[in-house]
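**Q** structure here, sequence nowhere to be found:
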């Protein structure tokens with residue numbers, strides 16, 4: 001019997017097939033970097049790597065959870081370009097990915113909502129709009145059982161079907 005290696009020690013090339021071929025000789029630095037990061041075990045990816053992979057929309061179901069795990073501790077982490085660049089890259093992930101990861105979307109939404117409004121003043125132009133769009137989409141993509149909580153004092157019975 002073979003044991004499955006935990007995802008954190010595996011690479012994106014292993015988790016997100018097919019493996020990528022080596023980049024062409026004339027590839028840009030960004031293309032070479034993304035190709036290299038696909039061969040790094042997930043547990044060794046740095047915030048800079050996560051921002052790059054997320055911005056390039058590479059293997060998002062594997063990379064976004066790693067970013068969301070970092071952001072509650074330091075929401076405005078400077079992953080390379082400016083304070084908050086990892087947060088902005090993460091909130092800019094397509095809604096279709098957040099639909100696959102609703103609990104992470106809710107967690108990141110809570111982090112964003114806990115930040116004072118003044119926090120966003122020094123972010124690049126358009127950042128506030130991206131964050132507001134994410135918060136609105138994350139709220140609307142929550143499962144119905146989380147969006148519609150019963151009023152205090154009322155008990156909602158859950159019916160389970162055996163069919």
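**A** Now that the structure is in, tell me what you want to look at. Given the structure is predicted, the values throughout are model-derived calculations rather than measurements.
**Q** show me what contacts the most centrally placed residue in the chain?
**A** The residue lying closest to the centre of the chain (C-alpha atoms, centre = their mean) is residue 64, at 2.7 Å. By C-beta atoms under 8 Å, 6 or more residues apart in numbering, residue 64 lies in contact with 54, 90, 93, 97, 101, 104. C-beta coordinates here come from the backbone N, C-alpha and C atoms, glycine included.
**Q** can you pull the contacts of the fourth one?
**A** Contact criterion C-beta under 8 Å, 6+ apart gives 60-61, 64 as the residues in contact with residue 97.
**Q** need these in TSV with distance to residue 135 and secondary structure, can you?
**A** Listed next are the contacts of residue 97 as TSV, based on distance: C-beta to C-beta, whole Å; DSSP: H, G, I helix; E, B strand; the rest coil:
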residue	distance to residue 135	secondary structure
60	19	helix
61	21	helix
64	16	helix
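**Q** any chance of TSV for the residues you listed, columns pLDDT and distance to residue 84?
**A** Below are the contacts of residue 97 laid out as TSV (pLDDT from 0 to 100; distance: C-beta to C-beta, whole Å):
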residue	pLDDT	distance to residue 84
60	97	19
61	96	23
64	97	16
